[in-house]
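S.K.: Compute the structure for the input listed below.
(one chain, ligands or ions: 1)
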Amino acid sequence: MAETLIRGADHILTMNDRREELRGADILIRDGRIAAVGHGLAGQGTVLEARGCVVTPGLVNTHHHLYQSLTRAVPGGQDALLFGWLKTLYPIWSRFGPEEMFVSAQVGLIELALTGCTMSSDHLYLYPNGARLDDTIAAAAEIGLRFHPTRGAMSIGESDGGLPPDSLVESERAILEDSIRVIDAHHDAREGAMVRVGVAPCSPFSVSRDLMREAAILARDKGVMLHTHLAENDEDVAYSLEKFGCRPGQYAEDLGWTGPDVWHAHCVKLDGQEIDLFARSGTGVAHCPCSNCRLGSGIAPVRGMRDVGVKVGLGVDGSASNDTGQLMAEARQSMLLQRVANGADAMSAREALEIATRGGAEVLGRPDCGQIAAGKCADIAIWDTRGIESAGSWDPAALLLAGPSRVKDLFVNGRHIVQDGHMPHLDLAAIVARQNKLAAKLMEA
Ligand SMILES: [Zn+2]
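M.R.: You can find the predicted model right below:
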């Protein structure tokens, strides 16, 4: 029986059903779960003093393309809109292979862990030169994050009127067969699972209507979740109107792409009817504010979504359109953007943090995560508020207003993976060197 006691935290933002905030309280972790939360707890194992710290549930990342951490700040893509940006990057990504997928996933996941994330999804939709979803699953196992990889896909290449080059698309039969393979090999439906696989055709503009429909049937047959990009910007909506004769929400609904087992990335351009559809059907949204700003896509109507009960989580999106991968920065950006759109009282720091934690867990179908409460998975972030960023703060628990952007300690499933700001089980310098070497090779080609 492995126990850890987190003792005497200044503030614990539990995100439990009553949204309680505890002062000077403790958390007892036992066998990967939270055994108790309260004052004066005793434990039989390690004790971690948390005086001077704010403790939150681990942050949850609902949208990422981990492989893109190898193509950050690519000059030709720095100032382009979505479609132009993609066309710059596709030829570079077509030179990736298994090693690129593994190392870039390591880097992306480490960055997430250091900034408080305990659970991440990933959307890998291209598989050049023998790359497999398994490459990223191996990376996540090594880093120690809870992982929801999705088997993405592109099937409509340039010669068929799609956006990606033909070299990056796969046949629809191969896509479905490999989706079945990775679900059978890796998906764990049990409570507390460390790996859950989803099915995720890249976007309505890179796969056929048939594949969207088949993917939905497959996901329901296997009991896994569905994910894609939707209504990201005006070009995206215009494409839908022109090619499908309807708005993205209608397209999604017609093909079985709404429901509590579906979440869509971005949704910047959803209109009122589409927002109601998402609320009614329990469909989730991965809100990616930094990427939306970076690509000039717009401000997602998150206030309106939350007000009618749409499930919203945060996503860093890929590091080719962010170009960082830090969830605390997304939470802050999300709060700021809603204020730009709707006024200073449109979103509090605590609500943004709730979206970043419990909200993300709900989007990913993980009621066992995202809260600090007895019985939940022990995914916990500890923020040191004794440093320069918090000095002078009257409300250190309002972490997004004044607070650290990196964690002091991080627990995933009870495992202490960030310890006093470091990850002792990893050789970070070696991983960075390997990543930079691969990036340099891609630049030369
Ligand atoms: Zn994306």
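
S.K.: Look at the closest residue to Arg151 other than its chain neighbours and say how many residues are nearby.
M.R.: Once flanking residues are discounted, Arg151 sits nearest to Ser179: 4.5 Å by Cβ to Cβ, 6 or more residues apart in numbering. Heads up, the C-betas are built off the backbone N, CA and C, glycines and all. Ser179: 26 surrounding residues under other Cβ atoms under 10 Å.

S.K.: Just want to check the distance between Ser179 and Ser171.
M.R.: 13 Å (Cβ to Cβ, to the nearest Å).

S.K.: partners of the spatially most central residue of the chain in the sheet?
M.R.: By Cα atoms, centre = their mean, the chain has its centre lying nearest to Asn61, at 2.3 Å. In this structure, Asn61 bridges to Ser120, Leu314 when assessed by DSSP bridges.

S.K.: the helices in this structure, which residues?
M.R.: 82-93, 98-114, 133-143, 172-186, 209-222, 234-244, 248-254, 272-281, 289-294, 302-307, 327-342, 349-354, 360-363, 428-444 (DSSP state H).

S.K.: Grab the CA positions of the shortest one and hand them over as PDB.
M.R.: I take that to be helix 360-363. Extracted C-alpha coordinates of helix 360-363, given in PDB (Å, rounded to 0.1, in the frame of the first residue of the first chain):
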ATOM      1  CA  GLY A 360     -11.300  19.000 -19.600                       C
ATOM      2  CA  ALA A 361     -11.900  15.800 -17.600                       C
ATOM      3  CA  GLU A 362     -15.600  16.000 -18.400                       C
ATOM      4  CA  VAL A 363     -14.900  16.600 -22.100                       C
END
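
S.K.: How about residues contacting it?
M.R.: With contacts defined as Cβ atoms under 8 Å, 6 or more residues apart in numbering, helix 360-363 is touched by 57, 59-62, 119, 263, 284-286, 311-314, 367-371.

S.K.: And the average pLDDT for stretch 395-415 is what?
M.R.: Average pLDDT, stretch 395-415: 95.

S.K.: Sketch out the low-pLDDT regions of the stretch 301-445 of the chain for me.
M.R.: Scanning the stretch 301-445 of the chain for pLDDT under 70 picks out nothing.

S.K.: ok, back up a step: look up how far Met212 lies from the residue nearest to Arg151.
M.R.: In terms of Cβ to Cβ, Ser179 sits 13 Å off from Met212.

S.K.: swap in Leu226?
M.R.: 9 Å.

S.K.: Looking at these two now, which is surrounded by more residues?
M.R.: Leu226 (26 against 20).

S.K.: If that one is in a bridge, with which residues?
M.R.: If you apply DSSP bridges, the partners that Leu226 bridges to are Val199, Val262.

S.K.: Return the residues in contact with it.
M.R.: 198-200, 215-216, 219, 257, 261-263.

S.K.: Surely Ala219 and Val199 touch.
M.R.: Yes. Ala219 lies in contact with Val199 (Cβ atoms under 8 Å); the separation is 4.4 Å.

S.K.: Between those two, which contacts overlap?
M.R.: Counting by Cβ under 8 Å, 6+ apart, the residues touching both Ala219 and Val199 are 225-226.

S.K.: Need the per-residue pLDDT for the residue nearest to the centre of the chain.
M.R.: 98.

S.K.: What distance do you get for it to Asp160?
M.R.: 32 Å.

S.K.: Over to Asp178?
M.R.: 20 Å.

S.K.: Who has more neighbours out of the two?
M.R.: More neighbours surround Asp178 than the other of Asp178 and Asp160, with 16 against 10 (other Cβ under 10 Å).

S.K.: which ones are touching that one?
M.R.: 127, 132-133, 151.

S.K.: So which of those is the closest to Gly325?
M.R.: Nearest to Gly325 among those is Leu133, at 18.9 Å by Cβ to Cβ.

S.K.: can you tell me the distance between the two ends of stretch 105-125?
M.R.: 14 Å (Cα to Cα, to the nearest Å).

S.K.: what about Leu41, distance to Ile12?
M.R.: If you measure Leu41 against Ile12 using Cβ to Cβ, the figure is 12 Å.

S.K.: should've said Pro301
M.R.: Computed as Cβ to Cβ, the Pro301 to Ile12 distance reads 32 Å.

S.K.: out of the two, which sits in the busier spot?
M.R.: Counted by other Cβ under 10 Å, Pro301 and Ile12 do not tie: Ile12 has more neighbours, with 28 against 23.

S.K.: Tell me what the residue nearest to Ile175 when sequence neighbours are not counted is bridged to.
M.R.: Ranked by Cβ to Cβ, 6+ apart and with sequence neighbours excluded, the top spatial neighbour of Ile175 is Ala153, at 4.2 Å. Beta-bridge pairing of Ala153 under DSSP bridges involves Pro201.

S.K.: State the number of residues packed around Ala153.
M.R.: Residues lying near Ala153 (other Cβ under 10 Å) number 27.

S.K.: In the contacts of Asp178, which residue is surrounded by the most others?
M.R.: Busiest of these [other Cβ under 10 Å] is Arg151, holding 29 neighbours.

S.K.: I figured that one hits Pro201, correct?
M.R.: No. Arg151 is not in contact with Pro201 according to Cβ under 8 Å; the separation is 9.2 Å.

S.K.: Give the residues shared as contacts by these two.
M.R.: Each of Ile175 lies in contact with both Arg151 and Pro201 under the rule Cβ under 8 Å, 6+ apart.

S.K.: what about the residue nearest to Ile175, distance to Gly249?
M.R.: 22 Å.

S.K.: Count residues in the vicinity of the nearest residue to Gly298 once chain neighbours are set aside, would you?
M.R.: In space, not counting the residues next to it along the chain, Gly298 is nearest to Val268; the distance is 4.6 Å by Cβ to Cβ, 6+ apart. Using other Cβ under 10 Å, Val268 has 25 neighbouring residues.
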